[in-house]
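Enquirer: Need coordinates for the following:
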Amino acid sequence: MSIFNGDVVTEVRGRIGLITLNRPRALNALSLGMVRDLTVALQAWAQDPAVLAVAIRGSNKEGVFGAFCAGGDIRFLHQAGSTGDPDLEAFFTEEYALNHLIHAYPKPYIAFMDGIVMGGGMGISQGGSVRIVTERTKMAMPETNIGLFPDVGGGYFLSRCPGRVGEWLALTGDTIGAADALAYGLADHFLPADRQAGLWEALASGPWETTEALQAFLRDQWAQPPVAEQAHRAAVDQHFALPDATAIVASLEASADDWARHTAATLRKRSPLMLHVVLEQIRRARSLDLAQDLRMERDMVHRCFHLRPGQSETVEGIRALAVDKDHQPRWNPGRVEEVPATLVAQFFSSPWSASEHPLRDLKG
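Expert: Residues are numbered from 1 along each chain as shown. Just a heads-up that it's a prediction; the model follows:
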């Protein structure tokens with residue numbers, strides 16, 4: 001077994017590289033050290049003929065599974081964004097490169113998406129070839145709640161959800177369960193939570209000679225998923241197809257439907273600026289490959305912290321949610337109707353030339 005800083009535990013058993021995220025008190029939120037440890041392990045195993053596949057899981061305070069990953073370490077983002085810590089830039093560059101590595105991984109990558117799977121947790125699971133959800137899965141990209149946007153390739157994978165589901169999930173940050181995750185193309189298979197440990201052990205102990213043998217074994221493991229609710233799909237497609245965030249909020253507020261009004265109230269709590277930015281992100285991403293999307297998101301996240309010195313929506317959002325915990329963010333502008341298009345456009349202007357971009361080496 002190889003243990004890096006303790007927050008990521010890796011080992012090779014049989015023909016499988018096994019990863020356990022081991023920061024349960026923070027719901028396995030990703031630090032820069034964890035991103036680096038994951039990258040080192042995955043790069044090594046990609047080149048190792050003894051490793052046939054990779055499996056990744058989270059841990060909770062009682063043991064393994066139960067929580068996958070709640071995202072990035074937002075307290076670090078607040079501190080680094082407030083003080084100009086250069087590790088902030090390194091974190092996003094290396095995290096997005098890791099996301100790309102997982103999407104392009106040359107071997108099966110099996111993600112046990114049990115419990116909370118949010119933000120950065122989606123970034124290290126959505127690129128997997130086998131994405132497993134359980135009845136405990138709580139999946140979301142809740143970044144607008146902290147004045148950020150669904151990054152880690154969120155533009156890429158959310159924009160490829162059916163209809164206008166991507167816009168809805170990206171703007172609201174709403175949480176979905178296993179059935180809807182499967183219906184929206186954000187998961188591949190359902191497994192009851194109490195069967196995860198058995199499958200993990202079977203992977204580690206199996207006499208796998210070939211990838212085909214492993215895949216044949218996996219095909220027989222899955223359970224029938226619960227029926228997807230998708231109770232408001234028609235309304236999602238109606239409202240979130242509108243041309244801009246102001247029109248979406250107005251349409252939801254004008255509806256007599258309780259779900260629509262509740263959704264409008266949720267959007268009124270989010271950063272008005274980032275609602276406009278996120279809608280543009282998702283719609284641009286539909287025509288981008290993964291590498292292009294990650295480069296766009298790298299530009300965007302730089303703007304989140306540097307566009308307006310001392311007035312970062314993201315720093316303010318994290319302050320309100322996780323630092324002071326007053327849940328009273330002072331968004332600027334304060335209303336979705338007040339956001340100028342020129343301010344939104346700046347998020348999509350790269351601060352780097354193509355040859356200097358920190359993610360210039362990513363392939364589509």
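
Enquirer: got the residue ranges for the strands in the stretch 51-200 of the chain?
Expert: Along the stretch 51-200 of the chain, counting by DSSP state E, counting those that start in this stretch, strands occupy 53-57, 59-60, 63-64, 109-113, 116-118, 130-133, 138-140, 189-190.

Enquirer: In TSV: the ones you listed, plus mean pLDDT, mean neighbour count and distance to Arg335.
Expert: Using the backbone N, CA and C atoms, a C-beta is placed for each residue, glycine as well. Putting the strands of the stretch 51-200 of the chain into TSV (pLDDT from 0 to 100; neighbours: other Cβ atoms under 10 Å; distance: least, Cβ to Cβ, whole Å) gives the following:
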stretch	mean pLDDT	mean neighbour count	distance to Arg335
strand 53-57	98	24	41
strand 59-60	95	18	40
strand 63-64	94	14	45
strand 109-113	98	28	36
strand 116-118	98	27	27
strand 130-133	98	25	37
strand 138-140	98	22	24
strand 189-190	98	18	41
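
Enquirer: Adding distance to Arg308, write these out as CSV.
Expert: Output for the strands of the stretch 51-200 of the chain, formatted as CSV (distance: least, Cβ to Cβ, whole Å):
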stretch, distance to Arg308
strand 53-57, 37
strand 59-60, 38
strand 63-64, 43
strand 109-113, 36
strand 116-118, 27
strand 130-133, 37
strand 138-140, 27
strand 189-190, 44
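
Enquirer: got a list of what Ala193 touches?
Expert: Ala193 makes contact with 65-66, 114, 134-136 under the criterion Cβ atoms under 8 Å, 6 or more residues apart in numbering.

Enquirer: give me that answer again for 10 Å
Expert: 65-66, 112, 114-115, 133-137, 178 (Cβ atoms under 10 Å, 6 or more residues apart in numbering).

Enquirer: Among these, name the buried ones.
Expert: By neighbour count, with 16 or more other Cβ atoms under 10 Å, those hold 65-66, 112, 114-115, 133-137, 178 as buried.

Enquirer: returning to what we had before: quick one: closest of the strands of the stretch 51-200 of the chain to Leu279.
Expert: For the strands of the stretch 51-200 of the chain, the distance to Leu279 is smallest for strand 138-140, at 17.3 Å, taking Cβ to Cβ.

Enquirer: and the gap between Phe112 and Leu32?
Expert: For Phe112, the distance to Leu32 equals 24 Å [Cβ to Cβ, to the nearest Å].

Enquirer: what residues go with each domain of this structure?
Expert: 1-137+177-226, 231-364 (automatic domain parsing).

Enquirer: looking at these, which is buried most?
Expert: Counting by mean count of other Cβ atoms under 10 Å, domain 1-137+177-226 has the highest mean neighbour count of the domains of the chain, with a mean of 19.

Enquirer: quick one: it to chain centroid distance?
Expert: Computed by Cα atoms, centre = their mean, to the nearest Å, the chain-centroid distance of domain 1-137+177-226 equals 12 Å.

Enquirer: need the contact list for Lys61.
Expert: Contact partners of Lys61, counting by Cβ under 10 Å, 6+ apart, are 24-25, 27, 67.

Enquirer: rerun at 7 Å
Expert: Listed by Cβ atoms under 7 Å, 6 or more residues apart in numbering, the contact set of Lys61 reads 24-25.

Enquirer: now swap in the one 3 residues further on and tell me
Expert: Contacts of Val64 were listed using Cβ under 7 Å, 6+ apart, and they are 20, 57.

Enquirer: do that again at 8 Å, thanks
Expert: 20, 57-58, 197, 200.

Enquirer: Kindly report the same for Val165.
Expert: Val165 makes contact with 158, 184, 233, 236, according to Cβ under 8 Å, 6+ apart.

Enquirer: And Gly120, by the same measure?
Expert: Applying Cβ under 8 Å, 6+ apart, the residues near Gly120 are 29-30, 69-72, 95, 152.

Enquirer: Let's see that with 7 Å instead.
Expert: By Cβ under 7 Å, 6+ apart, the contact list for Gly120 reads 30, 69, 71-72, 95, 152.

Enquirer: Look up how far Glu201 lies from it.
Expert: Distance check for Gly120 against Glu201: by Cβ to Cβ, it reads 27 Å.

Enquirer: any idea how far the nearest residue to Gln311 once chain neighbours are set aside is from Gly317?
Expert: Using Cβ to Cβ, 6 or more residues apart in numbering and skipping the chain neighbours, the partner closest in space to Gln311 is Asn332 (6.0 Å). Per Cβ to Cβ, Asn332 is found 11 Å from Gly317.

Enquirer: and if you look at Asp73?
Expert: Using Cβ to Cβ, one obtains 15 Å as the distance from Asp73 to Gly317.

Enquirer: Sketch out the helices for the stretch 151-300 of the chain, chain order is fine.
Expert: 154-159, 165-172, 178-183, 196-205, 211-219, 233-239, 245-254, 258-269, 272-285, 290-306 (DSSP state H, counting those that start in this stretch).

Enquirer: next helix or strand past the last one?
Expert: The element immediately downstream of helix 290-306 (helix or strand, assigned by DSSP states H and E) is helix 313-318.

Enquirer: got a list of what Asp87 touches?
Expert: Applying Cβ under 7 Å, 6+ apart, we find Asp87 in contact with 32, 80.

Enquirer: rewinding a little: and the contacts of Val64, which is closest to Pro272?
Expert: Using Cβ to Cβ, Gly58 comes nearest to Pro272 of the contacts of Val64, at 33.4 Å.

Enquirer: Who are the contact partners of the closest one?
Expert: By Cβ under 7 Å, 6+ apart, the contact set of Gly58 is 21, 28, 65, 67-69, 114-115.
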